[in-house]
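Enquirer: Okay, sequence plus prediction incoming.
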Protein chains: 2
Amino acid sequence: MTSTDIPSLWQSLRFDANGLVTAIAQQHDTGEVLMLAWMNRDAIAETLATGRVCYFSRSRGQLWRKGESSGQVQHLVELRIDCDGDALLLLVDQKGVACHTGRRSCFYRATRDGALQEIMAPEIDPERLYGTAHV
Amino acid sequence: MTSTDIPSLWQSLRFDANGLVTAIAQQHDTGEVLMLAWMNRDAIAETLATGRVCYFSRSRGQLWRKGESSGQVQHLVELRIDCDGDALLLLVDQKGVACHTGRRSCFYRATRDGALQEIMAPEIDPERLYGTAHV
């Protein structure tokens, strides 16, 4: 994945009023859904050009190169687009953990037995990922 | 999954300005990501109460009981929520196909060899799903 020159992709994308599409990151070999985030045109172009996933942070209003602070990068294996062009499925190879809490996936809570239960433990102390300032 | 009385879930949900959260549907046993859609409070409550997935259609501005027209229903196996509470991962048992094009998944196009390629063929003629009026 080192080319951004895919006209049919760009023609198929349907960005929202904020210039964004949703992006699901899925571990390519295990099928685990890791996280959901957002991408703008520049984030998609950079991801395709570098092979490392770059999102757009809505809270910070800027490109978010996944793993830039934490080292937990995502290598792109394949980019897929849905039928109406406003959602992407990124098949990735996730180094370490995807979630800022130190868990492999952001979807670590499930409704079981009438309660919301944690079904995944942190694998890394968040302090080790970001330093105490971010915890 | 027949109860909506899960206070910790409702407390954890963070709806956007339109009262929505994103929802990813994943086939529970194969790990295949089927589609991405949206849910409001009522859609989540109905899904938990009935065990059949109900979304909120942004284009129609109303509840969208998946499979109501097409018969391709999704049975809920487990509902998960992400770290910041604005995205859900629905582990489902999808009857038939998830996509209105007759394909198993909405993510049937992938960037391969510098082009956007169809990697999944329709399994059902959309006319059989919805009748000609919807095609």
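Expert: Yes, it's here. Numbering: from 1, shown residues only, chains lettered A, B, ... in the order given.
Enquirer: next one: phi and psi at A:S12?
Expert: phi -90, psi -20 (degrees, to the nearest 10).
Enquirer: what about it, distance to A:I81?
Expert: Distance of A:S12 to A:I81, computed by CB to CB, to the nearest Å: 6 Å. C-beta: built from backbone N, CA, C; applies to glycine.
Enquirer: Give me the common contacts of these two.
Expert: Residues touching both A:S12 and A:I81 (CB atoms under 8 Å, 6 or more residues apart in numbering or on different chains) are B:109, B:116.
Enquirer: Name the residue in the two with the higher neighbour count.
Expert: Comparing A:S12 with A:I81 by other CB atoms under 10 Å in any protein chain shown, the one with more neighbours is A:I81, at 24 against 16.
Enquirer: Now do the contacts for A:K95.
Expert: By CB under 8 Å, 6+ apart, the neighbours of A:K95 are A:67, A:71-75.
Enquirer: And the pLDDT at it?
Expert: Predicted confidence (pLDDT) for A:K95: 93.
Enquirer: How about A:S3?
Expert: 62.
Enquirer: One more: A:A133?
Expert: At A:A133, pLDDT is 46.
Enquirer: what's the span of stretch A:61-74 from first residue to last?
Expert: Stretch A:61-74 has an end-to-end distance of 20 Å (criterion: CA to CA, to the nearest Å).
Enquirer: what comes up buried for it?
Expert: Buried residues in stretch A:61-74, defined by neighbour count with 16 or more other CB atoms under 10 Å in any protein chain shown: A:64-67, A:70, A:72-74.
Enquirer: And for stretch A:75-85?
Expert: For stretch A:75-85, a neighbour-count test (16+ other CB under 10 Å) marks A:75-76, A:79-83 as buried.
Enquirer: Inside strands: which ones of these?
Expert: If you go by DSSP state E, those have A:75-76, A:79-81 in strands.
Enquirer: Now render those as a markdown table, adding distance to A:Q26 and pLDDT.
Expert: Conversion of those to a markdown table gives the following (distance: CB to CB, whole Å; pLDDT from 0 to 100):
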| residue | distance to A:Q26 | pLDDT |
| --- | --- | --- |
| A:H75 | 13 | 98 |
| A:L76 | 11 | 98 |
| A:L79 | 11 | 98 |
| A:R80 | 9 | 98 |
| A:I81 | 14 | 98 |
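Enquirer: Nothing else from me, thank you.
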